[in-house]
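based on what follows, work out the 3D shape:
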Amino acid sequence: MTERDGTRVDCHVKILDDGVAERAKARGIDVLVYAPHFMPLPEIERRADRFSDDELLVVPAREVFTGSWRDRKHVLAMGLSEPIPDFISLDGAMTELARQDATVIVPHPEFLTVGLSADDVVAHRERIDAVEVCNLKHWPRHTTRAREIARAVDAPVTASSYAHLPGSVGLAWTTFDHEIGTQDELCAALQDGVSRQACRRQGWSSRLQSVAEFAHLGWENTGKKFDRIVLSGTEATHPDRPLYEGRFDDVSVY
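Purely as a prediction, here's the structure:
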């Protein structure tokens, strides 16, 4: 761990391979939270374990895709004891996360069409452990708004690279004041509101990487989104998959 300034946690990345792990270490990150889209929890857990070592802890997580493609809102959950699908209602997701006593972060609130609204955050405040106030896809106005939402509900904050591109990993992070060496310790720190700082690297290279991330988002929400809409129901995290044993039929939106 990085004793000089606590434990640095990049609280949300979408990608993971040898290069990503090495880049995280080179940038002083101690913990990565790995939450790819549309990947079942058991596979995420296997990949996280594969890339964890004495220098870097990789924590498996799910960014649960609630609602339909036209009305979607993301919720980041870690410390899950059972798989949870996408394409379920927000209320259904929050109820299930509470049942599992999962750690819940609101990623990118009110960001474009994929973030929880301020009203959503208020409605589910008791089940929310932190609000993400900064990531590489944010412009300054997005960060300002996220901080306003966090303050309004008196929620602890986090920052993450939200890396969809390898060069983004470790450019935004959350520094916790004490040592974190396991998934359980990270969940406890988040749930207990342990003192932390939301941090982002400054400078032109970081700004250029932010532009690249935002441009990548445009690609995701055009052609790739069209493919997903047409193929909806084929995702490995759809509620009707055998992994979920029909437990979410009553809150499925497809």
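
just the CA atoms of the biggest helix by length in the chain, as CSV, please.
Scanning the chain for the longest helix, with DSSP state H as the assignment, gives helix 204-219. Extracted C-alpha coordinates of helix 204-219, given in CSV (Å, rounded to 0.1, in the frame of the first residue of the first chain):
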residue,chain,number,x,y,z
TRP,A,204,-2.7,18.5,-20.4
SER,A,205,-2.2,14.8,-20.8
SER,A,206,-5.0,14.1,-18.4
ARG,A,207,-7.3,16.6,-20.1
LEU,A,208,-6.6,15.0,-23.5
GLN,A,209,-7.4,11.6,-22.1
SER,A,210,-10.6,13.0,-20.8
VAL,A,211,-11.5,14.1,-24.3
ALA,A,212,-10.7,10.7,-25.6
GLU,A,213,-13.0,9.1,-23.0
PHE,A,214,-15.8,11.4,-23.9
ALA,A,215,-15.4,10.7,-27.6
HIS,A,216,-15.5,6.9,-26.8
LEU,A,217,-18.8,7.5,-25.0
GLY,A,218,-20.2,8.9,-28.2
TRP,A,219,-19.3,5.7,-30.1
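
what lies in contact with it?
With C-beta atoms under 8 Å, 6 or more residues apart in numbering as the contact definition, helix 204-219 has outside contacts at 112, 136-139, 162-165, 167-168, 171, 200. Backbone N, C-alpha and C define where each C-beta goes, glycine included.

from these, which single one is nearest residue 91?
The closest of the contacts of helix 204-219 to residue 91 turns out to be residue 112 (C-beta to C-beta; 21.9 Å).
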